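# using only what follows, build the 3D model:
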Amino acid sequence: MIMSHLDRLRAVFRMALNLPPDADVDDLRYRAIPQWDSLAHMALVAAMEDEFSVMIDTDEMIDMSSFALAAELLEKHGVGAPAR
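Numbering: from 1, shown residues only. Predicted structure coming up:
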């Protein structure tokens, strides 16, 4: 079974933030849960870079304050973007 980029991103969030495999992360926001602190944010960014082979710059890292914004960031880097 092929996982979509969003399913892969959900898995990265759950792993990096040490959440249960069935945790709903789609509405998750930075610091909304104790697990997503500044240290976990760095681990999350590193995990995203590894999983999707992208380089996230400092401004992007700071702006990425929710699952939805992380998904947008990946699309900006060409991950999961519709073919043109």
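# alpha carbons only for contacts and neighbour counts from here, please
Will do.
# the helices in this protein, which residues?
Here the chain has its helices, by DSSP state H, at 5-16, 38-52, 58-63, 67-76.
# number of residues surrounding L69?
Counted by other CA atoms under 10 Å, the residues lying close to L69 total 14.
# what about the closest residue to it other than its chain neighbours, how many residues close to it?
Spatial nearest neighbour of L69, excluding adjacent residues (CA to CA, 6 or more residues apart in numbering): D63 at 7.8 Å. D63 has 11 neighbours, counted by other CA under 10 Å.
# any idea which of the helices of the chain gets closest to D26?
Of all the helices of the chain, helix 67-76 sits nearest to D26, with 5.7 Å by CA to CA.
# how far does that closest one sit from the chain's center?
What separates the centre of helix 67-76 from the centre of its chain is 7 Å, taken as CA atoms, centre = their mean, to the nearest Å.
# in it, what counts as buried?
For helix 67-76, a neighbour-count test (16 or more other CA atoms under 10 Å) marks 67, 70-74 as buried.
# give me the contacts around that helix.
With CA atoms under 8 Å, 6 or more residues apart in numbering as the test, helix 67-76 has contacts from 6, 9, 25-29, 60, 63-64, 80-81.
# closest one to A47 out of the residues you listed, please.
Using CA to CA, the shortest approach to A47 within the contacts of helix 67-76 belongs to L9, at 9.5 Å.
# now the buried residues of helix 67-76 as TSV including pLDDT and distance to P34?
Putting those into TSV (pLDDT from 0 to 100; distance: CA to CA, whole Å) gives the following:
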residue	pLDDT	distance to P34
F67	98	15
A70	98	19
A71	97	21
E72	96	23
L73	97	23
L74	97	24
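# and the pLDDT at P20?
P20 carries a pLDDT value of 97.
# check the gap between it and S53 for me.
Separation of P20 from S53 (CA to CA, to the nearest Å): 25 Å.
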